[in-house]
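Colleague: quick one, what's the 3D model for this:
(one chain, ligands or ions: 2)
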Amino acid sequence: MTMASAFYRFGYLSCKPSVPGTCKPAAAGRGNGGIHHALAITRSNWRCRNMATASGETTVAPAGRRREKKDVVEGEEEWRSYLAPQKLEVLRQLEPWVEEHVLPLLKPVEASWQPSDLLPDPAALGSDGFQAACLELRAAAAGVPDDLLVCLVANMVTEEALPTYPSGLNRLEVVRDATGADATAWARWIRGWSAEENRHGDVLNRYMHLSGRFDMREVERTVQRLIRDGMVVHAPASPFHGFVYVAFQERATAIAHGNTARLVGARGAGDAALARICGTVAADEKRHEAAYTRVVAKLFEADPDAAMRAVAYVMRRRIDMPTAFINDGRHSGGDFYARFIAIAEQAGTYTVSDYRGILEHLIRQWGVEELAAGLTGDGRRARDYLCALPYKIKRMEEKAHDRAVKAQKKPTRIPINWIFDRTITVILP
Ligand SMILES: [Fe+2]
Ligand SMILES: [Fe+2]
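Modeller: Numbers count the residues shown, from 1 in each chain. Ligands and ions are numbered 1, 2, ... in the order given. Sure thing, here's the model as predicted:
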């Protein structure tokens, strides 16, 4: 799982496709301009939804509220239709296929890396050797800039909130691990995946502890708050929607850890050990992404109309990821989250262009644009919506950038308690 894709709430665009049936290629750049306009988009989308619940005020007009309520009711009916026996039967029928094509994407414990492999080992090094290795680790960590440290904390906190995620998968009909030790391929996948994920928070946590660059008590309090506060999941019992969501999430995670590895590594901040840790975690996420993407591709094969509508459903709503409720104890969860979005965007660990790129990648992976057979009218509309969405996002990025340039906003200094209240300077939209 990732903190990163949590901030992208383009689902709220719920646009009518302006260019039906066309998938526009993404611009690859990630310059400062991209950073700032992406910020403006994400921030404004966040505010529209969350200020209403956080403070009692609302930015949504009465007509908009009525439409939202209607959308909620229709959305509920839509995803609940996936709990019909014939839809769930699709998942049951897939179990032998999961055994053969998904479970092999997990690595046996004996072949898996462990956090101890990537950090100084006192038992192997002895007292003096361990001390020397720790000093070396701390010297390299000293060069990592504060904005990347903050992003690293958010990555770690999100991984440490692991208990939230298998409990989410275990709400999905058919595939859930009903007893906690089910022998089905689906249940073994959920447990095996969780077991692999568990190492991610562990290794990041231990690195951070040894580096001496973090106020670990504040970080630990943030972890506790995030697990306590949970996360919002749309369509919480539908495996179709759940797997679409996790496929997106795992790719986003791989990108976020991968970007962090690049930025902290030898060609960036110069911390090769940290780069290796982040790169190792990213490689795991890539395998997980492959598994969930494969599952959704199979759902497209089995029931193209249902799969297409599920992808559109997920993308139309905000992709509420684990860090949506992250907070430092000084702000409301959403308020801190909005600041963190700006920092991550500026640091380049995950950007709005990344989000758009993931969407385009998945559209290609699942053959969304070419798919015609087996679609109902709603399925065709879902396809056209999806194909137009990256283009729409790109247009919003550009408009937000233009607005930001016009406004000439001054940077804000944000104190972060995870790094002893040193401040991060960032332009908030
Ligand atoms: Fe993952
Ligand atoms: Fe992970």
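
Colleague: enumerate the residues of this structure near ligand 1.
Modeller: The chain comes close to ligand 1 at residues 250, 253, 285, 288, as judged by Cβ under 5 Å from the ion. Where you see a C-beta, it was placed from the backbone N, CA and C, and this is true even at glycine.

Colleague: can I have the buried ones of those as a PyMOL selection?
Modeller: Buried residues among the residues of the chain next to ligand 1 (16 or more other Cβ atoms under 10 Å), as a PyMOL selection:
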select buried, resi 250+253+285+288
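
Colleague: and the two most separated of the residues of the chain next to ligand 1?
Modeller: Distance extremes for those: the farthest pair is 253 and 288 at 7.8 Å, using Cβ to Cβ.

Colleague: if we can go back for a sec, out of the residues of the chain next to ligand 1, list just those in helices.
Modeller: 250, 253, 285, 288 (DSSP state H).

Colleague: hang on, isn't the last one packed against residue 250?
Modeller: Yes: here residue 288 lies in contact with residue 250, judged by Cβ atoms under 8 Å, at a distance of 4.3 Å.

Colleague: check what pLDDT residue 137 gets.
Modeller: Residue 137 carries a pLDDT value of 98.

Colleague: now do it against ligand 1, distance only.
Modeller: For residue 137, the distance to ligand 1 equals 25 Å [Cβ to the ion, to the nearest Å].

Colleague: ditto for residue 217
Modeller: 27 Å.

Colleague: and for residue 144?
Modeller: The gap separating residue 144 from ligand 1 is 23 Å, by Cβ to the ion.

Colleague: now swap in residue 109 and tell me
Modeller: Residue 109 is 17 Å from ligand 1, by Cβ to the ion.

Colleague: that residue: neighbouring residues, count only.
Modeller: 10 (other Cβ atoms under 10 Å).

Colleague: and if you look at residue 341?
Modeller: Counted with other Cβ under 10 Å, residues neighbouring residue 341 total 27.

Colleague: correct me, but residue 307 touches residue 240?
Modeller: Yes: under the criterion of Cβ under 8 Å, residue 307 makes contact with residue 240 at 6.4 Å.

Colleague: what touches both of the two?
Modeller: Counting by Cβ atoms under 8 Å, 6 or more residues apart in numbering, the residues touching both residue 307 and residue 240 are residue 299.

Colleague: I'd like the next helix or strand past the one helix or strand residue 386 maps to.
Modeller: Assigned by DSSP states H and E, residue 386 falls within helix 377-407. Sequence-wise, the next helix or strand downstream of helix 377-407 (DSSP H and E) is strand 412-416.

Colleague: check the gap between the closest residue in space to residue 226 that isn't next to it in sequence and residue 198 for me.
Modeller: Among residues not flanking residue 226 along the chain, residue 161 sits closest, at 4.6 Å (Cβ to Cβ, 6 or more residues apart in numbering). Plainly put, residue 161 is 12 Å away from residue 198 if you go by Cβ to Cβ, to the nearest Å.

Colleague: more neighbours: which of the two?
Modeller: Between residue 161 and residue 198, counted using other Cβ under 10 Å, the more crowded position is residue 161 (26 against 16).

Colleague: quick one: residues contacting the more buried one.
Modeller: Shown in contact with residue 161 (Cβ under 8 Å, 6+ apart): 1, 201, 223, 226, 227, 231, 322.

Colleague: quick one: which of those residues sit in helices?
Modeller: 201, 223, 226, 227.

Colleague: the first one reaches residue 160, doesn't it?
Modeller: Yes: the criterion here is Cβ under 8 Å, and residue 201 meets it with residue 160 at 3.8 Å.

Colleague: thought residue 282 was touching residue 257?
Modeller: Yes: using Cβ under 8 Å, residue 282 is in contact with residue 257, at 3.8 Å.

Colleague: settle it for me: which of the two has more neighbours?
Modeller: When residue 282 and residue 257 are compared for neighbours, residue 257 comes out ahead with 29 against 20, by other Cβ under 10 Å.

Colleague: check which helix or strand the more buried one maps to.
Modeller: Residue 257 belongs to helix 239-264 when elements are defined using DSSP H and E.

Colleague: does that helix reach ligand 2?
Modeller: No: on the criterion Cβ under 5 Å from the ion, helix 239-264 is out of touch with ligand 2, staying 5.5 Å away.

Colleague: buried residues, that helix. List them.
Modeller: Residues 239-264 are the ones in helix 239-264 that count as buried (16+ other Cβ under 10 Å).

Colleague: shaky segments in the stretch 301-429 of the chain?
Modeller: Where the stretch 301-429 of the chain drops to pLDDT under 70, the residues are 318-321, 333.

Colleague: quick check, the residue in it closest to ligand 1?
Modeller: Closest approach between the stretch 301-429 of the chain and ligand 1, counting by Cβ to the ion: residue 322, at 10.9 Å.

Colleague: look up phi and psi at residue 351.
Modeller: Phi and psi for residue 351, reported as degrees, to the nearest 10, are phi -130, psi 170.

Colleague: thinking it is in contact with residue 345, fair?
Modeller: Yes: Residue 351 is within contact range of residue 345, at 5.6 Å (criterion: Cβ under 8 Å).

Colleague: element containing the residue lying farthest from the centre of the chain?
Modeller: In the chain, counting by Cα atoms, centre = their mean, residue 128 sits farthest out from the average C-alpha position, at 40.4 Å. Applying DSSP H and E as the criterion places residue 128 in helix 122-141.

Colleague: from the middle of its chain, how far away would the helix or strand just after that helix be?
Modeller: Downstream of helix 122-141, the next assigned helix or strand under DSSP H and E is helix 146-160. Computed by Cα atoms, centre = their mean, to the nearest Å, the chain-centroid distance of helix 146-160 equals 13 Å.

Colleague: measure how far the next helix or strand after helix 146-160 is from the centre of its chain, please.
Modeller: Remark: after helix 146-160, the chain's next helix or strand is helix 164-169, criterion DSSP H and E. Distance of helix 164-169 from the chain centroid (Cα atoms, centre = their mean) equals 14 Å.
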